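K.L.:
have a look at this prediction, sequence included:
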Amino acid sequence: MTTVNKETLGFQAEVKQLLQLMIHSLYSNKEIFLRELISNASDASDKLRFEGIEHPDWYGDDPELKIKVSFDKAARTVTIADNGIGMSREEVISNLGTIARSGTKEFFSKLSGDQQKDAALIGQFGVGFYSAFIVADRITVETRRAGLPAQDGIRWESDGSGEFTVENVDLAQRGTAITMHLREGEDDFLSTQKLKSIIRKYSDHISLPIQMNKESWDDDKKEQVIQDEMESINQSSALWARSKSEITEEQYTEFYKHLSHDYEDPLCYSLNRVEGRSEFTQLLYVPTRAPFDLWDRNKRGGIKLYVKRVFIMEDAEQLLPMYLRFVTGVIDSVDLPLNVSREILQESRDVKVIRESSTKRVLSMLEDLANNDDELKKEKYRTFWTQFGQVLKEGIGEDQPNKERISKLLRFASTHTDSADQAVSLAEYVARMKEGQDKIYYVTGDSFNAAKNSPHLEIFRKKGVEVLLLTDRVDEWMLSFFTEFDARQMTSVAKGGLDLGSLSDEKEKQEHEETEKGFKDLLDRMKVVLEDKVKDVRVTFRLTDSPACLVSDEDELSGNLLRMLKAAGQQAPETKPILEINPEHPMLLKLKSDDKQFDQWTQILFDQALLAEGGQLNDPAAYVKRINQLLLA
């Protein structure tokens, strides 16, 4: 074997930091390293299956894909080898010298100093290879990419101290072999029984054989002796292809962790076989915790596409709508062509059927949690909503056929709840509506407290009418597609004129009309003072404690949405709000009788109303000056 072109390179700075965590036993459960490396080997074989469709010659004389696990007691090494896609020199330097392409800073920002919690993050951020340094003080990787000649084999080696070497070697076979030189005290892994038990525990679901050399008892040596003959340790059949009765809860869970590199158990899952004009199998999981890149809409989904158990595509975003991008799973189709491409996916009738079916399956899983009387399932749905509720809301605008189903899954804080975590469904809201109430009232705000303390809610509190508090950034967008539920109009308490319908009696309406007539001259004077700031000034009866508030016209964007657009650097239409005044408030009575300070009081009323709804003053210094002048008057 010849070696050429050897060079020593430094790890990415973040890798050095990670390796120190590994070396100090970051994982509370050290055996996880074997699961991570076997999972990587399985992925390498899947990639060869996919690329091998166009390059069948890459298989050569070694067409049977497999993973081999072996150990050498004398050398104190454990080796995981696969005959998958392998890596070129550039891929080795890129893949083994840096972390996970993205999310590195996010990964380290989440480290807490708690070993168990920190360990859990590793798989989530795609850095499982480095887990080998938990048990090894030196790692050697030998690899050759499929399609490259033997002399393009690569050897990578590092002791985790901050540098690694890369050199060319002659390798007769494609694929990758990772050899771990064990640390002192890790000899438990130099055992066939130990390695078998770990493989069966974590990797039994892998869809290709994981092999080890057989062992037999030697009477002369009085010990187990390793034979040349190989045996498969796992079932080596696709989990989703087995009968449901054969799959244990633990196997479902471990397969999820293999797919997602998550450390937590899934929230729920569903295995379903669809037969008929289109035939396919779905195994879909809903995670317990949101990934760090959940809000990256350019991030592709977590669905792996297989055709007749041949891996075709990872993160097949055409198989689920964007608002379900948190779902992880496998879809195995009988009907799609093996050379399926993204263009074909977009146009295929079969893919449309798969997408529709998978969407309904996910919604059914969520409905089972949301509508179940079982307390455990209710708690699971509360967890789901906390982690993924904002993403699910996107479905109101993106998935018209399932809009009604999604709306029943929505949860909101309200004036009847004590915190943002206490959420009610729209069905619960409707069930406790006041007699005579025919609308669903809501208010939007930057935060729970801002929404709950909005002056627009005062009359609703007085009458005991529940109002939904919408504080997610996606809510304003969602409401543009969501105008009614159960034949009841979704109505903002901060837009248009206040119309409580039959919630107001005739006596109240007559009193309001008379009061409005008595304030006509005052309103006209205020309009002159604020003509460059407001569209109109009018009397309102939605206020009981506050002197004034700002509202938007029915057909205009709300003040909250306008602020969000401006904060995001987007162009917002130039609109003026309407100032509504409380005719019974002492400040208005003061304004009515103080001609000398009329302009000052009017400006202050507007500024206070703007601040109360979370807006920003154009000239804070002028506001402070006016307040000071009035205090000294």
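P.N.:
Now that the structure is in, tell me what you want to look at.
K.L.:
alpha carbons only for contacts and neighbour counts from here, please
P.N.:
Noted.
K.L.:
let me know the outermost residue of the chain.
P.N.:
Largest separation from the mean C-alpha position in the chain: residue 220, at 59.3 Å (C-alpha atoms, centre = their mean).
K.L.:
that one is in what secondary structure piece?
P.N.:
Assignment of secondary structure by DSSP states H and E places residue 220 within no helix or strand.
K.L.:
the one 5 residues further on too?
P.N.:
Following DSSP H and E, one finds residue 225 within strand 223-232.
K.L.:
and that strand, what other elements does it pack with?
P.N.:
Counting contacts by 3 or more C-alpha pairs under 8 Å, 6 or more residues apart in numbering; DSSP states H and E, strand 223-232 is packed against strand 210-218.
K.L.:
now do stretch 364-376: distance to the chain's middle.
P.N.:
20 Å (C-alpha atoms, centre = their mean, to the nearest Å).
K.L.:
equivalent analysis for stretch 411-420, please.
P.N.:
In this view, stretch 411-420 has its centroid 23 Å away from the chain centroid, taken as C-alpha atoms, centre = their mean.
K.L.:
again with stretch 172-183
P.N.:
35 Å.
K.L.:
identify the residues contacting it?
P.N.:
With contact meaning C-alpha atoms under 8 Å, 6 or more residues apart in numbering, stretch 172-183 is reached by 41, 75-87, 132, 135-146, 150.
K.L.:
let's go with 7 Å and repeat that
P.N.:
Contacts to stretch 172-183, defined as C-alpha atoms under 7 Å, 6 or more residues apart in numbering, come from residues 76-86, 135-146, 150.
K.L.:
which stretches in the stretch 51-200 of the chain count as strands?
P.N.:
67-72, 77-82, 136-144, 153-158, 163-169, 175-182 (DSSP state E, counting those that start in this stretch).
K.L.:
minimum distance to residue 407: which of those has it?
P.N.:
Ranking the strands of the stretch 51-200 of the chain by proximity to residue 407 (C-alpha to C-alpha) places strand 67-72 first, at 46.7 Å.
K.L.:
okay, buried residues for that closest one please.
P.N.:
67, 68, 69, 70, 71 (16 or more other C-alpha atoms under 10 Å).
K.L.:
and after the strand holding residue 225, which helix or strand comes next?
P.N.:
Strand 223-232 is succeeded, C-terminally, by helix 249-260 (DSSP H and E).
K.L.:
could you point out which element follows that following helix?
P.N.:
Per DSSP H and E, the first helix or strand lying C-terminal to helix 249-260 is strand 268-274.
K.L.:
and the average pLDDT for that next one is what?
P.N.:
Mean pLDDT, strand 268-274: 95.
K.L.:
just checking, what packs against it?
P.N.:
With contacts taken as 3 or more C-alpha pairs under 7 Å, 6 or more residues apart in numbering; DSSP states H and E, strand 268-274 sits against strand 280-286.
K.L.:
mean confidence score for the helix or strand following the strand it packs on?
P.N.:
Counting by DSSP H and E, the next helix or strand C-terminal to strand 280-286 is strand 302-307. For strand 302-307, the per-residue pLDDT values average out at 84.
K.L.:
in the sheet, which strands lie alongside strand 302-307, parallel or antiparallel?
P.N.:
strand 310-313 (antiparallel), strand 328-333 (parallel) (DSSP bridges).
K.L.:
can you tell me what sits against that strand?
P.N.:
Applying C-alpha under 7 Å, 6+ apart, the external contacts of strand 302-307 come out as 311-316, 325, 327-334, 336, 338.
K.L.:
try 10 Å
P.N.:
46, 50, 259-260, 280-285, 311-320, 324-340 (C-alpha atoms under 10 Å, 6 or more residues apart in numbering).
K.L.:
in PyMOL, how would I select the buried members of those residues?
P.N.:
Listed next is the PyMOL selection for buried residues among these, using 16+ other C-alpha under 10 Å:
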select buried, resi 46+50+259+260+280+281+282+283+284+285+311+312+313+314+315+316+317+318+319+320+324+325+326+327+328+329+330+331+332+333+334+336+338
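K.L.:
so where is the stretch 251-400 of the chain shaky, pLDDT-wise?
P.N.:
297-301, 310, 337-347 (pLDDT under 70).
K.L.:
please redo it, this time with the cut-off set to 50
P.N.:
By pLDDT under 50, the weakly predicted segments of the stretch 251-400 of the chain are 342-343.
K.L.:
repeat that for the stretch 51-200 of the chain.
P.N.:
Within the stretch 51-200 of the chain, the set of residues satisfying pLDDT under 50 comprises 100-105, 107, 115-126.
K.L.:
all helices for it, in order.
P.N.:
89-97, 104-109, 115-124, 192-202 (DSSP state H, counting those that start in this stretch).
K.L.:
identify each buried residue in the last one, please.
P.N.:
Of the residues in helix 192-202, those with enough neighbours to count as buried (16+ other C-alpha under 10 Å) are 192, 195, 196, 198, 199, 200, 202.
K.L.:
would you turn those into a markdown table with distance to residue 417?
P.N.:
Listed next are those as a markdown table, based on distance: C-alpha to C-alpha, whole Å:
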| residue | distance to residue 417 |
| --- | --- |
| 192 | 58 |
| 195 | 53 |
| 196 | 53 |
| 198 | 48 |
| 199 | 48 |
| 200 | 48 |
| 202 | 43 |
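K.L.:
distance of the closest residue to residue 217 other than its chain neighbours from residue 195?
P.N.:
Spatial nearest neighbour of residue 217, excluding adjacent residues (C-alpha to C-alpha, 6 or more residues apart in numbering): residue 224 at 4.4 Å. Distance from residue 224 to residue 195, counting by C-alpha to C-alpha, to the nearest Å: 15 Å.
K.L.:
next one: residue 228
P.N.:
17 Å.
K.L.:
same check on residue 469?
P.N.:
54 Å.
K.L.:
out of the buried residues of strand 67-72, flag the one nearest to residue 354.
P.N.:
Using C-alpha to C-alpha, the buried residues of strand 67-72 come closest to residue 354 at residue 67, 31.4 Å.
K.L.:
re earlier: so which of the strands of the stretch 51-200 of the chain comes closest to residue 405?
P.N.:
Nearest of the strands of the stretch 51-200 of the chain (C-alpha to C-alpha): strand 67-72, 44.3 Å.
K.L.:
contact partners of the closest one?
P.N.:
Counting by C-alpha under 10 Å, 6+ apart, 34, 38, 41-42, 45, 77-84, 175-181, 189-192, 195-196, 199, 206, 208-213, 226, 230-233 sit against strand 67-72.
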